[in-house]
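# sequence? don't have it. structure:
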């Protein structure tokens, strides 16, 4: 029996694949301006600009939470840090990577500004 999906499937990021321009159309649905309007993204980019080279996700998550809550990174609980880290890993970082803003390596658990010469 033939598959109902034919040549079109869903990727882990929710993009349809099959036609070459499907991915670009999905990325374009969320503009870079909309993505950067999220304060989590702004604190993430601030942290990456202030630190040279790739940053590890736990440190990024602590900085983002600290910025949002107006606290110090060492005051962020491990539970909150892990939840935000997971959210960044599966949400914002892949989108920012798709837009060419950051270089996100999910296997290494690191992120850097896309124009970072260390990357």
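Received, thanks. Because the structure is predicted, anything quoted here is derived from the model rather than measured. Residues are numbered from 1 along each chain as shown.

# for the rest of this, base every contact and every neighbour count on C-alpha atoms.
OK.

# sticking with the residue nearest in space to the middle of the chain, tell me its helix or strand.
Using Cα atoms, centre = their mean, the residue of the chain that lies closest to the mean C-alpha position is residue 93, 0.6 Å off. Element membership of residue 93 [criterion: DSSP states H and E] is helix 93-98.

# in terms of secondary structure, what does that helix contact?
For helix 93-98, the elements it packs on are strand 102-105, judged by 3 or more Cα pairs under 8 Å, 6 or more residues apart in numbering; DSSP states H and E.

# please report how far the residue nearest to residue 58 when sequence neighbours are not counted lies from residue 53.
What sits nearest to residue 58 in space, not counting adjacent residues and going by Cα to Cα, 6 or more residues apart in numbering, is residue 85, at 6.2 Å. According to Cα to Cα, to the nearest Å, residue 85 and residue 53 sit 19 Å apart.

# the more surrounded of the two?
residue 85 (23 against 16; other Cα atoms under 10 Å).

# list the buried ones in the helix or strand that contains that one?
Secondary structure from DSSP H and E places residue 85 in helix 78-87. Within helix 78-87, the residues scored as buried using 16 or more other Cα atoms under 10 Å are 81, 84-85.

# same question for stretch 38-47.
Within stretch 38-47, the residues that count as buried by 16+ other Cα under 10 Å are 40-45, 47.

# how about TSV for these, with pLDDT, secondary structure and distance to residue 73 added?
Listed next are the buried residues of stretch 38-47 as TSV, based on pLDDT from 0 to 100; DSSP: H, G, I helix; E, B strand; the rest coil; distance: Cα to Cα, whole Å:
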residue	pLDDT	secondary structure	distance to residue 73
40	89	helix	14
41	91	helix	16
42	91	helix	16
43	93	helix	12
44	94	helix	13
45	92	helix	16
47	94	helix	11
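
# can you map out the strands along the chain?
Assigned by DSSP state E, the chain shows strands spanning 9-10, 16-17, 55-56, 102-105, 110-113.

# flag the shaky bits of this protein, pLDDT-wise.
Low-confidence segments of the chain, defined by pLDDT under 70: 1-30, 116-119.
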